[in-house]
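Trainee: Predicted coordinates and the sequence they were generated for:
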Amino acid sequence: MDYLKREKIMGEIRSAKEIAAERLKNIGEITEEDRLRWKFVPAGEKLGQRYMSERLDIENELGKFDQKQLPFVKQGMTQSLLIYLDLPRNETIEKRNFKVMEGLMQIKEDKQSAAAALGQLQRIFDHYAQQGEAQRTQAKQALKTKFEQSLRQALRAQGKEFPSQMNVEQLPQFEEEWRRTLSQLEQQYIKSLDDLKKYLVQIQ
């Protein structure tokens with residue numbers, strides 16, 4: 001029995017080695033570009049994180065890398081900064097978005113394309129904060145009215161009155177339904193934001 005188990009394990013090890021060898025064969029020879037990417041994209045990501053958490057002179061930091069390394073550092077930094085971009089649901093996010101956009105503008109060499117993309121981004125944020133806010137207010141009021149009417153009918157069927165001090169917005173069912181509604185309202189903005197993020201990654 002032990003012999004059979006040992007043979008089975010050895011067979012599995014051989015299979016694993018064969019799979020690993022096949023994968024290495026498919027990958028092919030590791031190039032200098034691969035090595036640069038593996039080392040300096042993460043370095044750029046760390047720079048992006050530092051920029052968001054402390055005062056950082058981007059130009060000075062980028063000056064520490066040579067021309068071969070720099071594109072990968074900028075790629076990593078761009079990817080890192082874009083993670084912080086979000087719909088301006090409050091003042092904190094709004095300030096963070098502004099810092100991200102300032103950083104991206106410093107990183108990009110194609111200033112014209114970067115400025116155009118960031119301008120589109122700002123228009124999305126402005127629309128979300130202005131027209132979008134009015135839309136969300138109306139949707140929330142409509143949902144509140146719907147809940148109040150349903151609750152009144154349910155209480156009336158039981159011979160009870162609707163409590164004047166009751167706030168349906170505090171009900172777990174209302175909160176859950178509102179989160180679902182809000183997610184649907186924000187979907188169009190999130191799609192536009194994601195599309196612009198992808199475009200910003202491509203800008204040199």
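Mentor: Alright, I've got the coordinates.
Trainee: Name the next helix or strand downstream of the helix or strand of the chain with the lowest mean pLDDT, please.
Mentor: Within the chain, no helix or strand scores below helix 2-27, which has a mean of 57 by mean pLDDT, DSSP states H and E. Going down the chain from helix 2-27, the next helix or strand is helix 32-53, by DSSP states H and E.
Trainee: For that following helix, list the C-alpha coordinates in CSV.
Mentor: Extracted C-alpha coordinates of helix 32-53, given in CSV (Å, rounded to 0.1, in the frame of the first residue of the first chain):
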residue,chain,number,x,y,z
GLU,A,32,15.2,43.2,-20.8
GLU,A,33,11.8,44.9,-21.2
ASP,A,34,10.2,42.2,-19.0
ARG,A,35,12.9,42.7,-16.3
LEU,A,36,12.4,46.5,-16.4
ARG,A,37,8.6,46.1,-16.2
TRP,A,38,8.7,43.7,-13.2
LYS,A,39,11.1,46.0,-11.3
PHE,A,40,9.9,49.5,-12.1
VAL,A,41,6.1,49.3,-12.5
PRO,A,42,5.9,48.3,-8.8
ALA,A,43,8.4,51.2,-8.0
GLY,A,44,6.0,53.6,-9.8
GLU,A,45,3.0,52.2,-7.9
LYS,A,46,4.8,52.9,-4.6
LEU,A,47,5.5,56.4,-5.7
GLY,A,48,1.8,56.9,-6.5
GLN,A,49,0.9,55.7,-3.0
ARG,A,50,3.5,58.0,-1.4
TYR,A,51,2.2,61.0,-3.4
MET,A,52,-1.3,60.4,-2.1
SER,A,53,-0.2,60.1,1.5
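Trainee: Can I get stretch 61-69 in CSV? Just the C-alpha atoms.
Mentor: Extracted in CSV, the C-alpha atoms of stretch 61-69 (Å, rounded to 0.1, in the frame of the first residue of the first chain):
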residue,chain,number,x,y,z
GLU,A,61,11.4,61.6,-7.8
LEU,A,62,11.1,60.8,-11.5
GLY,A,63,14.5,62.4,-12.1
LYS,A,64,16.1,59.5,-10.2
PHE,A,65,15.3,57.1,-13.0
ASP,A,66,16.9,56.8,-16.4
GLN,A,67,15.1,56.9,-19.8
LYS,A,68,14.7,53.1,-20.0
GLN,A,69,13.2,52.9,-16.5
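Trainee: And the helices in the chain?
Mentor: Using DSSP state H, the helices found in the chain span residues 2-27, 32-53, 58-62, 70-84, 91-107, 111-129, 131-157, 172-202.
Trainee: for the ones you listed, which one sits closest to Pro163?
Mentor: Nearest of those to Pro163, taken as CB to CB: helix 131-157 at 8.5 Å. Quick note: C-beta positions are derived from backbone N, CA and C, even for glycine.
Trainee: quick one on the thing from earlier: any idea which of the helices of the chain is most buried?
Mentor: Among the helices of the chain, ranked by average contacts under mean count of other CB atoms under 10 Å, first place goes to helix 70-84 (a mean of 20).
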